[in-house]
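Chemist: structure, please.
(chains A and B)
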Protein chains: 2
Amino acid sequence: MERIEQHASFGGRQEVWQHTSSTLGCTMKLGVYLPPAALQGEPCPVVYWLSGLTCTEQNFITKAGAQQYAAQWGLILVAPDTSPRGEGVANDPAYDLGQGAGFYLNATQAPWAAHFRMEDYVVQELPALVEAHFPTTEKRGICGHSMGGHGALTLALRHPGRYASVSAFAPIVAPSQVPWGQKAFAAYLGDDRAAWAAHDAVALIASAAQRLPLLIDQGDADEFLAGQLQPQRLQAACAAAGHPLTLRLQPGYDHSYYFIASFIGEHLAHHAVALR
Amino acid sequence: MERIEQHASFGGRQEVWQHTSSTLGCTMKLGVYLPPAALQGEPCPVVYWLSGLTCTEQNFITKAGAQQYAAQWGLILVAPDTSPRGEGVANDPAYDLGQGAGFYLNATQAPWAAHFRMEDYVVQELPALVEAHFPTTEKRGICGHSMGGHGALTLALRHPGRYASVSAFAPIVAPSQVPWGQKAFAAYLGDDRAAWAAHDAVALIASAAQRLPLLIDQGDADEFLAGQLQPQRLQAACAAAGHPLTLRLQPGYDHSYYFIASFIGEHLAHHAVALR
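Modeler: Predicted coordinates for the structure are as follows:
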């Protein structure tokens, strides 16, 4: 782990670290916000933030305005990149496949399987690294936006006990049923629809081993709402399964970081209470 | 005026507008944040934000996290670009001269004099435009960062009565005496040092017609502190002239938007109280 950026921020410190990932077989960057409590050596819970398509570790740390709330609540925020990166890593010219579009799963198909193992990276290697380097408690929360909202929901559902809190902004709740997810799953997982269902929040809800309450904000002016996001599918699945869901349709909000910034404070409050 | 972006943000709306500037002779973009009160038609005071070298109208609106405070206080925030722009506008390959580096003055020297009239643009054309299009009161505040901090201080000092509040982050307080300012002033204003003094906050303080209190935050880990910013020069000038100055040296903070985001709430509170 090498620190490549550090900036004082709300009494704490926003850092960017770089490391060689054994899971992904490439160099990865991550944003780490250390609240004032962590700088004083006090163990703090960690909230993992998973970004959306095209993002790097920079988008969330520069645009979401999350640091002020993390400082208040004493939360460490960790924001990884959205895929493996580099010249030796498979890619696609489209914005929604390959680098910048890892979809938080382990690919099984060529040419992706060699490096695209974002599920193992986010669930195993990254927390081990973070917990070895920073003063953390054993409590973890997970949160994300769009493709990263899909990541937060599915990783929490697939790894019961690993996360004590989960929330999402404008998540892709049913990737098996919308174009973004269908394209990525066909490429990364192949044609077997059963493999797809294992990475689809709506499909996973029925058999969830843990009834972790879901907090979701969705803008009603989001340009991807009808075509790619379809939160009503998750609402129906949660209702059928009795899974606790708070789904808030926010009037006038779009898919941008202006939306995330407006509600990230309430999401971090949700995590902070659960992670105490 | 044509609106080219709009995003719901903290109950208000972050917009980006484009217009043909008669002062600058080119197309200009500006960020406009309308707080909830303005969306309801209530007249709100306007705080103008002047950005630093290399910035466009985007940096402040995406990175400073100012909208939440503007929403609370009922302030309209206007963030113009930092220079005239376009293929027909003079430029220089360096980051600190030409496009992105207008220094908030009217150039008198070729090839800059044709378009580089940022003082007239910011002080006259822009407020006329804003006050014609949005529900404003007649009160204006001005605030900025680095080159834009120089702009905020000098424009407030040069136009007594035009602004009711002023503040700055890491401003270039004495451009005549530091490399950034000397390079820009030599290019835009020529060799006449008297012309330079008219755009130098430290030089202007002694003869200020209005004792507008100055609020300045400066990070003590700012990489440009000793070479380009030198706030002690302003402190000495204000002490000598009896000009009210609150200069806060913020330990550990650098020159970035992480610094601005950490204290923009206190700056907007300062403006809001003065603009009531």
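Chemist: so residue A:4, which of the three states?
Modeler: For residue A:4, the assignment made with DSSP: H, G, I helix; E, B strand; the rest coil gives strand.
Chemist: give me the pLDDT for the nearest residue to residue A:138 once chain neighbours are set aside.
Modeler: The shortest distance from residue A:138 to any residue that is not its chain neighbour, by C-beta to C-beta, 6 or more residues apart in numbering or on different chains, is 7.8 Å, and that residue is residue A:131. In this view, the C-beta of every residue, glycine as well, is placed from N, C-alpha and C. Residue A:131 carries a pLDDT value of 98.
Chemist: can you check residue A:191 too?
Modeler: Looking at residue A:191, the pLDDT reads 96.
Chemist: for it, give its distance to residue B:123.
Modeler: Residue A:191 sits 64 Å away from residue B:123, going by C-beta to C-beta, to the nearest Å.
Chemist: ok, residue A:264 next?
Modeler: For residue A:264, the distance to residue B:123 (C-beta to C-beta) stands at 36 Å.
Chemist: neighbour count for these two, which is higher?
Modeler: Taking other C-beta atoms under 10 Å in any protein chain shown, residue A:264 and residue B:123 do not tie; residue A:264 has more neighbours (26 against 23).
Chemist: in what helix or strand does residue A:261 lie?
Modeler: Residue A:261 belongs to helix A:257-275 when assigned by DSSP states H and E.
Chemist: which ones are touching the closest residue to residue A:13 other than its chain neighbours?
Modeler: Here the nearest residue to residue A:13 in space, its sequence neighbours aside, is residue A:34; by C-beta to C-beta, 6+ apart that works out to 4.9 Å. Contacts here follow C-beta atoms under 8 Å, 6 or more residues apart in numbering or on different chains; on that basis residue A:34 touches A:12-13, A:15, A:44, A:76, A:134.
Chemist: now the residues you listed as JSON lines including secondary structure and neighbour count?
Modeler: Conversion of the contacts of residue A:34 to JSON lines gives the following (DSSP: H, G, I helix; E, B strand; the rest coil; neighbours: other C-beta atoms under 10 Å in any protein chain shown):
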{"residue": "A:12", "secondary structure": "strand", "neighbour count": "28"}
{"residue": "A:13", "secondary structure": "strand", "neighbour count": "21"}
{"residue": "A:15", "secondary structure": "strand", "neighbour count": "18"}
{"residue": "A:44", "secondary structure": "strand", "neighbour count": "26"}
{"residue": "A:76", "secondary structure": "strand", "neighbour count": "25"}
{"residue": "A:134", "secondary structure": "coil", "neighbour count": "18"}
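Chemist: of those, closest to chain B?
Modeler: Distance to chain B across the contacts of residue A:34 (C-beta to the nearest C-beta) is lowest for residue A:13, with 7.8 Å.
Chemist: so the closest one is in contact with residue A:37, correct?
Modeler: No - counting by C-beta atoms under 8 Å, residue A:13 stays clear of residue A:37, with 11.8 Å between them.
Chemist: how far away is the nearest residue to residue A:255 once chain neighbours are set aside from chain B?
Modeler: If you skip the residues right next to it in sequence, residue A:255 has residue A:222 as its closest partner in space, 4.6 Å away by C-beta to C-beta, 6+ apart. Look at residue A:222 and chain B: by C-beta to the nearest C-beta, to the nearest Å, they are 10 Å apart.
Chemist: state the pLDDT value of residue A:222.
Modeler: Predicted confidence (pLDDT) for residue A:222: 98.
Chemist: quick one, what contacts it?
Modeler: Residue A:222 sits in contact with A:170, A:229, A:253-255, A:259, where contact means C-beta under 8 Å, 6+ apart.
Chemist: quick one: which of those is most hemmed in?
Modeler: residue A:170 (29 neighbours).
Chemist: list the contacts of that one.
Modeler: Residue A:170 makes contact with A:145-146, A:149, A:217-219, A:222, A:224-225, A:229, A:255, A:259 under the criterion C-beta under 8 Å, 6+ apart.
Chemist: among these, which ones are in helices?
Modeler: Within the contacts of residue A:170, residues falling in helices by DSSP state H are A:149, A:259.
Chemist: among the contacts of residue A:170, which ones are in strands?
Modeler: Among those, the subset assigned to strands under DSSP state E consists of A:145, A:217-219.
Chemist: among the residues you listed, which are in reach of chain B?
Modeler: Taking C-beta under 8 Å from any C-beta of the partner chain, the overlap between the ones in strands among the contacts of residue A:170 and the neighbourhood of chain B is residue A:219.
Chemist: got a winner among the ones in strands among the contacts of residue A:170 for most neighbours?
Modeler: residue A:145 (29 neighbours).
Chemist: bridged to it, which residues?
Modeler: Per DSSP bridges, residues listed as beta-bridge partners of residue A:145: residue A:169.
Chemist: what about the closest residue to residue A:152 other than its chain neighbours, neighbour count?
Modeler: With C-beta to C-beta, 6+ apart as the criterion, residue A:152 has its nearest non-adjacent residue at 3.9 Å, and that residue is residue A:144. By other C-beta under 10 Å, the residues close to residue A:144 number 30.
Chemist: per-residue confidence at residue A:144?
Modeler: Here, the pLDDT recorded for residue A:144 equals 98.
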